[in-house]
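[1] give me a model of this one.
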Amino acid sequence: MEEQKKIATTSKIVGALVESEANALEALEIVERAKQTFLERCWHISSNKKAD
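    The predicted model follows:
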């Protein structure tokens with residue numbers, strides 16, 4: 001992913017956290033949950049591709 005796209009994506013994530021009025025601890029918990037969910041999704045997609 002190119003750097004400009006990473007910056008834009010990060011900005012969207014931070015904007016969503018600000019809009020949700022999450023405090024710093026809540027924001028870290030949300031980001032950790034999102035990280036775990038994303039990794040599981042990637043693993044699932046990768047597993048499905050290998051099965052094809």
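
[2] name the helices or strands packed onto the helix or strand harbouring residue 33?
    Taking DSSP states H and E as the definition, one finds residue 33 inside helix 24-51. Judged by 3 or more C-beta pairs under 8 Å, 6 or more residues apart in numbering; DSSP states H and E, helix 24-51 is in contact with helix 3-19. C-betas here are computed from N, CA, C, even on glycine.

[3] what helices and strands are in contact with the helix it packs on?
    The helices and strands touching helix 3-19, judged by 3+ C-beta pairs under 8 Å, 6+ apart, are helix 24-51.

[4] angle of the helix it packs on against helix 3-19?
    130 degrees (axes from the mean of the first three to the mean of the last three C-alpha atoms, to 10 degrees).

[5] what about stretch 3-23, average pLDDT?
    Across stretch 3-23, the average pLDDT comes to 96.

[6] return that stretch as PDB; C-alpha atoms alone will do.
    Output in PDB follows, covering the C-alpha atoms of stretch 3-23 (Å, rounded to 0.1, in the frame of the first residue of the first chain):
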ATOM      1  CA  GLU A   3       2.200   5.900   1.900                       C
ATOM      2  CA  GLN A   4      -0.500   8.400   0.900                       C
ATOM      3  CA  LYS A   5      -3.200   5.700   1.100                       C
ATOM      4  CA  LYS A   6      -1.900   4.600   4.500                       C
ATOM      5  CA  ILE A   7      -2.200   8.200   5.700                       C
ATOM      6  CA  ALA A   8      -5.700   8.500   4.400                       C
ATOM      7  CA  THR A   9      -6.800   5.200   6.000                       C
ATOM      8  CA  THR A  10      -5.300   6.200   9.300                       C
ATOM      9  CA  SER A  11      -7.100   9.500   9.200                       C
ATOM     10  CA  LYS A  12     -10.400   7.700   8.600                       C
ATOM     11  CA  ILE A  13      -9.800   5.400  11.500                       C
ATOM     12  CA  VAL A  14      -8.800   8.300  13.800                       C
ATOM     13  CA  GLY A  15     -11.900  10.300  12.700                       C
ATOM     14  CA  ALA A  16     -14.200   7.300  13.500                       C
ATOM     15  CA  LEU A  17     -12.600   7.100  17.000                       C
ATOM     16  CA  VAL A  18     -13.100  10.800  17.600                       C
ATOM     17  CA  GLU A  19     -16.700  10.700  16.400                       C
ATOM     18  CA  SER A  20     -17.400   7.800  18.700                       C
ATOM     19  CA  GLU A  21     -16.100   9.900  21.600                       C
ATOM     20  CA  ALA A  22     -13.900   7.000  22.700                       C
ATOM     21  CA  ASN A  23     -11.300   7.900  25.400                       C
END
